[in-house]
Each structure stands twice: as structure tokens, then as C-alpha cells.
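Visitor: need coordinates for the below:
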Amino acid sequence: MSIRTKVIVIEPYNEKWKLEFEKIRDMLDSYIGDLVLSIEHVGSTSVEGLSAKPIIDIDVVMDSYDNFPEIKKRLEEAGYHHEGNLGIEDREAFSYVKNRFMPYHLYVCPKDGKGYLEHIALRNHLRTNRDAREDYTALKTKLAKEYRYDADTYCERKTKFIQKILNKTLYSNKS
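Guide: As a prediction, the model looks like this:
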């Protein structure tokens, strides 16, 4: 069962998000730590001072797809369900049935995958740029009010802002 946001609620940054990520990371590490390069906290909850939906985004980073069959097997044994890439190339989504943590999205990505590289570029820029953090908080708060029951439009309307950051960071040297 995938977490599907029915009502968009943006909350001020909460230190609890970092602690919850650490608990989830430690649990995932016990299942697949020997098969992956890292387990990264990405998305808005990973940026101190940024308001966010209280759902943690996690990228499990693998060296290559060669390790994916064993990662998938172990995650399924632990109660996760593989959902495919959900339309994003180089990203494998997993949902869970039982959960003792706050809600989270789990993705397994190759280290050179577009989705992972974009998550890291956006996260790192927002962590180091207060103006961008404040602008993004304002945008998300406004969109959450306008599209409270329409998650697709909420996400779509953030795209231009995110793409602008990616063009300044990850894609700045590309022609």
C-alpha cells in the first residue's frame, strides 16, 4: 500500500524528522546495508528550516542494478512491496504494510541515476541557501492552501521552482 497524500498539509520544520529518518535508516541498514552505498534523507524533511509535508523521503543508493535483485528480495522479506519505478527512470519505489515510524517514501536508486542526483542537488542547495529555503516554503504553503485536495497539481506547480534550482546546480554545466 503506497502512501498517497489525500490532503496536503505543510508543517514548519520539525527536528523529529531527522530523528525518525535515523531510526528508519538504521532499520534499513540492518536489512540491506551490506548491499548499498548509502541511505540518504532527501526531500523537504531533510532540510533544516524548510516547511514540509510530514513524510520522509529516503533514497537507498546502490552501486548498480546488479545488486537490485538481492536488495528487492531482502526488502520483500522484511515486509516491503516493490511498486516499480512509478514513472521515474532509475528509481525503484517500495511501500510497506506494517510501519512503526512516521510515514515515508522509500526509493532504491543507482548512484548515477537521474532521480537520485536531482534529489541530492536540490537538498544540498536548499540546505545552504536561506533565500531559496524561504521562497520554497512560501511557495509550498501557498500551493497547499490552493490545492489542499489535489496532490498532483500541488506537485506539478512546484516543478518550475525545482527545475530552476536544478538548472543552477546539477545542470549548470550542460549545454
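Visitor: Leu28 sits in which helix or strand?
Guide: helix 16-32 (DSSP states H and E).
Visitor: following element in sequence after that helix, please.
Guide: Defined by DSSP H and E, the subsequent element after helix 16-32 is strand 38-42.
Visitor: quick check: can you name the pairing partners of that next one and their directions?
Guide: strand 56-62 (antiparallel) (DSSP bridges).
Visitor: contacts for whatever helix or strand comes next after the strand it pairs with, please.
Guide: From strand 56-62 onward toward the C-terminus, using DSSP H and E, the following helix or strand is helix 68-77. Residues outside helix 68-77 that contact it (CB atoms under 8 Å, 6 or more residues apart in numbering) are 31-32, 35-36, 60, 62, 82, 92, 94, 108. Quick note: C-beta positions are derived from backbone N, CA and C, even for glycine.
Visitor: pull out the buried positions in helix 68-77.
Guide: Neighbour counts using 16 or more other CB atoms under 10 Å place 68, 71-72, 74-75 of helix 68-77 among the buried residues.
Visitor: tell me what the residue most central in space within the chain is bridged to.
Guide: Closest residue to the average C-alpha location of the chain: Asp57 at 2.9 Å, with CA atoms, centre = their mean. Counting by DSSP bridges, Asp57 is bridged to Val42, His105.
Visitor: please consider this matter closed, and thank you.
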